[in-house]
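> After the sequence you'll find the predicted model.
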Amino acid sequence: MSLPKSYTLITGASSGIGRQTALQLSASRRLVLHGRDAARLEQTRQACANPEQHRLWPFDLKKVDQIEASLTELLKSGDVPVEACVCCAGAVQVLPLRQVELPVARDLMNVNFHSAVEISRLLTARRLNEKHLRRLVFVSSTASLFGARGFQMYCASKAALDGFMRAIAVELAPQVRVNSVLPGAVQTPMTDHLLGDPALRERMAAVYPLGLGQPSDVAGVIEFLLSDNANWITGQQIVVDGGRSINHSG
Ligand SMILES: NC(=O)c1ccc[n+]([C@@H]2O[C@H](COP(=O)([O-])OP(=O)(O)OC[C@H]3O[C@@H](n4cnc5c(N)ncnc54)[C@H](OP(=O)(O)O)[C@@H]3O)[C@@H](O)[C@H]2O)c1
């Protein structure tokens, strides 16, 4: 099967949900795979279908003021029209508010929010990507909607992402569709510290009517939002949490 000429950029493709999304999309799309660690990104590329068709973008998103130079270099280094983007890279920190110091808070906002703003801005800039961009998906979290002890900066970063998503969905229509996916607890390296504890895992699983999530549960929804089957959907927060947020029993 010949792949379309345009690319789908996936940030956070070296691990968890982003990696699974890359594996699922790789049979039908050319991908730009982003992450921090080039070796882990290369492992994702080799696990993908059509590995020779995909490009790598190793970059630390904490350095948000250097995204423009780095992404410009990538897009101008060859013919890399970007038709779709999944902003999946993210980090979490769990700290009581009294210990949240500004540099740590800034790093988290840079990775979870400001990087998505900067990437969206650059991919819609005509000088860089002409008018190629059509679909944007942000991987937010149910933490955008609810509170949890110690998660104040994570919740704030995801709520900011969703507010930004709604505003640009209006601003960029009808050319670009923009949506967020809001996962509940998914088994990935990010949640190893929680779900690796059998007692805690059991307690968490008990409040998920459909059980805890796997990366493929989220990747399938991202794939749908990127597809023509979602052509009349924009500006939406799609909750993918196995029913956790509607479960008020017990
Ligand atoms: N797992 C869950 O339960 C859950 C629930 C709700 C939402 N989410 C969201 O889903 C997304 C993916 O999370 P995941 O669970 O798949 O986590 P993960 O396995 O830890 O993957 C996180 C990805 O983000 C990248 N990343 C982290 N910090 C970065 C930085 N400073 N610069 C560049 N890349 C960076 C990582 O790259 P490296 O490999 O180079 O570190 C990795 O590719 C995140 O936005 C997360 O907030 C996850």
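The structure has been received and is ready for your questions. Numbers count the residues shown, from 1 in each chain.

> what's around residue 157, how many residues?
When neighbours are counted by other Cβ atoms under 10 Å, residue 157 registers 27. C-beta: built from backbone N, CA, C; applies to glycine.

> do the same with the one 3 residues further on
Residue crowding around residue 160 was assessed by other Cβ under 10 Å; the count is 18.

> Name all residues that make contact with the residue nearest to it when sequence neighbours are not counted.
Spatial nearest neighbour of residue 160, chain neighbours left out: residue 113 (4.7 Å); criterion: Cβ to Cβ, 6 or more residues apart in numbering. Residue 113 makes contact with 157, 158, 160, 161, 164, according to Cβ atoms under 8 Å, 6 or more residues apart in numbering.

> Which of those residues sits closest to residue 30?
Ranked by distance to residue 30 (Cβ to Cβ), the contacts of residue 113 are led by residue 161 at 25.7 Å.

> which strands and helices sit next to the one helix or strand that closest one maps to?
Residue 161 is part of helix 152-172 when elements are defined by DSSP states H and E. When contacts are defined as 3 or more Cβ pairs under 8 Å, 6 or more residues apart in numbering; DSSP states H and E, helix 152-172 packs onto helix 102-109, helix 115-123, strand 135-139, strand 177-183.

> buried ones in it?
Going by neighbour count (16 or more other Cβ atoms under 10 Å), the buried part of helix 152-172 is 152-162, 164-166, 168-169, 172.

> what number of residues lie near the nearest residue to residue 29 once chain neighbours are set aside?
Closest residue to residue 29 apart from its sequence neighbours, by Cβ to Cβ, 6+ apart: residue 8 at 4.7 Å. For residue 8, the neighbour count with other Cβ under 10 Å is 24.

> ok, now residue 203?
Neighbour number of residue 203 under other Cβ under 10 Å is 10.

> Mind listing residues that contact the helix or strand containing it?
Using DSSP H and E, residue 203 maps to helix 198-206. Residues outside helix 198-206 that contact it (Cβ under 8 Å, 6+ apart): 185, 194, 195, 211, 212.

> Tell me the gap between that helix and the middle of its chain.
Distance of helix 198-206 from the chain centroid (Cα atoms, centre = their mean, to the nearest Å) equals 25 Å.

> got the residues of the chain near the ligand?
For the chain, the residues in contact with the ligand (Cβ under 6 Å from any ligand atom) are 12, 14-18, 35-37, 40, 60-62, 88-91, 111, 139, 141, 183, 185-186, 188-191.

> What's the PyMOL line that selects buried ones from those residues?
Applying 16+ other Cβ under 10 Å to those, the buried members can be selected in PyMOL as follows:
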select buried, resi 12+14+15+16+17+18+35+36+40+60+61+62+88+89+90+91+111+139+141+183+185+186+188+190+191
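
> Tell me which of the residues of the chain next to the ligand fall in strands.
Members of the residues of the chain next to the ligand lying in strands (criterion: DSSP state E): 35, 139, 183.

> Dump these to a markdown table, plus pLDDT.
Shown next, in a markdown table, are those (pLDDT from 0 to 100):
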| residue | pLDDT |
| --- | --- |
| 35 | 97 |
| 139 | 99 |
| 183 | 98 |
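
> In a markdown table, list the residues you listed along with distance to residue 176.
Putting those into a markdown table (distance: Cβ to Cβ, whole Å) gives the following:
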| residue | distance to residue 176 |
| --- | --- |
| 35 | 24 |
| 139 | 17 |
| 183 | 23 |
